[in-house]
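# Sharing a sequence plus its predicted fold:
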Amino acid sequence: MQNKNKTVVKSMSLLHLFLHEPSLTLSELVSKSGMPKTSVHRMVSSLEEMGFLNRDAAGAYSLGLMFLEFGQLVADRLDIRKIAKPIMEDLCREVDEAVQLIMRDGNEAIYVEKIEGTQTVRLYTAIGRRSPLYAGACARSILSFLPREEIETYIKQTKLISIGSGTITDPEKLLQVIDASVQNGYTISYSELENYTAAIGAPIFNHKRQVAAGISIAGFEARFTADRLPYLTEKVKDAALQISRKIGYS
């Protein structure tokens, strides 16, 4: 404690009280903090002046808009790729398949990170490569968890072109697959971007509970057998949840 500014530490203690209460009066702050009333009054006055606290007409304090500004800056500056990479590496070691991270760019998805397994397999994906949102488990893990109206608009406006032998080109079937993905919490694809390959993808959510990215494991279709799918599915969903939590999802 001797190396810390005691006033700053005490001020932070006051602010932490608002994590559990939307508003607090001066008396409540004094009671909950156990600090002298004069000290609390001095600190909350300073915090109010700086925009960290607001005081309403009744005299109750609440967190100020300054926290929204800082919170948005933190969210905007989070590097999902940097956060996701160690989790992707762990996933790759566990399942020994390629692991991919994808983000949305308009009506396309762009692969921003990829970890190769020991299995040598030709994949459509590579860092910097783009794919339509409707094709492949990783890209569709983003499309499937967009707002329903946005999904339907996308499908109406997009020509579903075949890329691999398993690419879904029928709008009604695509919607059915999307519905199943939402219900199950993951997406799966076979030969949609590259023949004889398979992938399982899961959505990554941000602090606003919006889909921010997608992660998938991909490899030879023959390795994605019915008895192995539950294991692979749980692993990729768990990795997606880990990344989501690290970028603020709760």
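Alright, I've got the coordinates. This one's a predicted model, so the numbers in the text were calculated from it and none came from an experiment.
# pretty sure Y186 is touching C138, no?
No. Using Cβ atoms under 8 Å, Y186 is not in contact with C138, being 10.8 Å away. (Glycine included, C-beta is placed from N, CA and C.)
# where do the contact lists of those two overlap?
G201 (Cβ atoms under 8 Å, 6 or more residues apart in numbering).
# So which of those two has more stuff around it?
Comparing Y186 with C138 by neighbour count (other Cβ atoms under 10 Å), the higher total belongs to C138, at 30 against 23.
# elements contacting the longest helix along the chain?
Of all the segments of type helix in the chain, defined by DSSP state H, the longest one is helix 229-246. Taking 3 or more Cβ pairs under 8 Å, 6 or more residues apart in numbering; DSSP states H and E as contact, the helices and strands that helix 229-246 lies on are helix 80-95, strand 197-205, strand 211-220.
# Check which residues of the first one are buried.
Translated: helix 80-95. 80, 83-85, 87-88, 91-92, 95 (16 or more other Cβ atoms under 10 Å).
# Now tell me what touches the helix or strand following that helix from outside.
On the C-terminal side of helix 80-95, the nearest following helix or strand under DSSP states H and E is strand 98-105. With contact meaning Cβ under 8 Å, 6+ apart, strand 98-105 is reached by 80-81, 84, 88-89, 91-92, 109-117, 119, 121, 123, 125, 130-131, 133, 138-139, 141-142, 199, 201, 211-219, 239.
# rewinding a little: list the buried residues of the longest helix of the chain.
By neighbour count with 16+ other Cβ under 10 Å, helix 229-246 contains the buried residues 232-233, 235-237, 239-244.
# related to what we said a few turns ago, would you list the helices and strands packed on helix 229-246 in TSV and tack on distance to K37 and mean pLDDT?
Formatted as TSV, the entries for the helices and strands packed on helix 229-246 read as follows, by distance: least, Cβ to Cβ, whole Å; pLDDT from 0 to 100:
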stretch	distance to K37	mean pLDDT
helix 80-95	43	94
strand 197-205	43	96
strand 211-220	44	95
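# Make TSV out of these and add distance to L19.
Output for the helices and strands packed on helix 229-246, formatted as TSV (distance: least, Cβ to Cβ, whole Å):
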stretch	distance to L19
helix 80-95	23
strand 197-205	21
strand 211-220	24
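# mind checking which of those is nearest Y61?
When the helices and strands packed on helix 229-246 are compared by Cβ to Cβ, strand 197-205 sits nearest Y61, at 31.3 Å.
# list the buried ones in that closest one?
Burial within strand 197-205, assessed by neighbour count using 16+ other Cβ under 10 Å, is assigned to 197-205.
# Out of those, which comes closest to H16?
F205 (25.4 Å).
# residues in contact with the closest one?
Applying Cβ under 8 Å, 6+ apart, one finds that F205 lies in contact with 145, 211-212, 244, 249.
# Lowest-scoring secondary structure element of this protein by mean pLDDT?
Of all the helices and strands that make up the chain, helix 65-77 has the lowest average by mean pLDDT, DSSP states H and E, namely a mean of 67.
# Kindly state the domain boundaries assigned to this protein.
With automatic domain parsing as the criterion, the domains of the chain are listed as 6-74, 78-246.
# quick one, which of those is packed in tightest?
Between the domains of the chain, domain 78-246 has the highest mean count of neighbours, a mean of 18, where neighbours are mean count of other Cβ atoms under 10 Å.
# so which of the contacts of F205 comes closest to E48?
Of all those, E48 sits closest to Y249, with 31.0 Å by Cβ to Cβ.
# Provide the partner residues of the residue nearest the centre of the chain in its beta bridges.
Centre of the chain computed as the mean C-alpha position; nearest residue by Cα atoms, centre = their mean is F205, 2.6 Å away. With DSSP bridges applied, the residues forming beta bridges to F205 are V211.
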